[in-house]
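Q: Got a sequence here, can you model it:
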Amino acid sequence: MKRCYYCKSKNLWVLVHTKLGYEQRKCKDCLRKFNERTGTPFNRIQCRTEIIFLAIYYYTHQGNSLRVVSQILLERGISVSYDDIRQWVNKFSGMLTRYLKKNPVEEIEKNMVC
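A: Numbering: from 1, shown residues only. Modelled structure (predicted):
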């Protein structure tokens, strides 16, 4: 059962899905809105977490340049600049190993939202 990020209550409404596909919830007790990315480093980034980690994976483990990674994502219908990918690598590459242990790359590629 999901809990309110702010007051830890279980009394929640599911409002809508964000444009990135995350459920937006509202607490019935404190009346605050949140989603699964609230309170994480990904909260204000306008791209799905899976896409960020996939871009980092292509750059760090596949040995591609930032521009090549940007082209690979563009071929899949995702427009991301190489500078965004560079910032993601600097900020999130430490989390990549833990994430990939739970979610294999093949599954992420299969479920990508374009």
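
Q: contacts, neighbours, all on C-alpha from now
A: Noted.

Q: What are the boundaries of the strands in the protein?
A: For the chain, applying DSSP state E gives strands covering 12-17, 23-27, 33-34.

Q: For the protein, which segments are assigned as helices?
A: 49-60, 66-75, 82-102, 105-110 (DSSP state H).

Q: Of those, which is nearest K33?
A: Of all the helices of the chain, it is helix 49-60 that lies closest to K33, at 19.7 Å by C-alpha to C-alpha.

Q: what pLDDT, on average, does the closest one get?
A: Here helix 49-60 scores 89 as its mean pLDDT.

Q: Looking at the strands of the chain, spot the one closest to C4.
A: Nearest of the strands of the chain (C-alpha to C-alpha): strand 23-27, 6.0 Å.

Q: got the angle between that closest one and strand 12-17?
A: For strand 23-27 against strand 12-17, the angle by axes from the mean of the first three to the mean of the last three C-alpha atoms, to 10 degrees is 150 degrees.

Q: Mind listing the strands strand 23-27 pairs with, and their directions?
A: Here strand 23-27 has these sheet partners by DSSP bridges: strand 12-17 (antiparallel), strand 33-34 (antiparallel).
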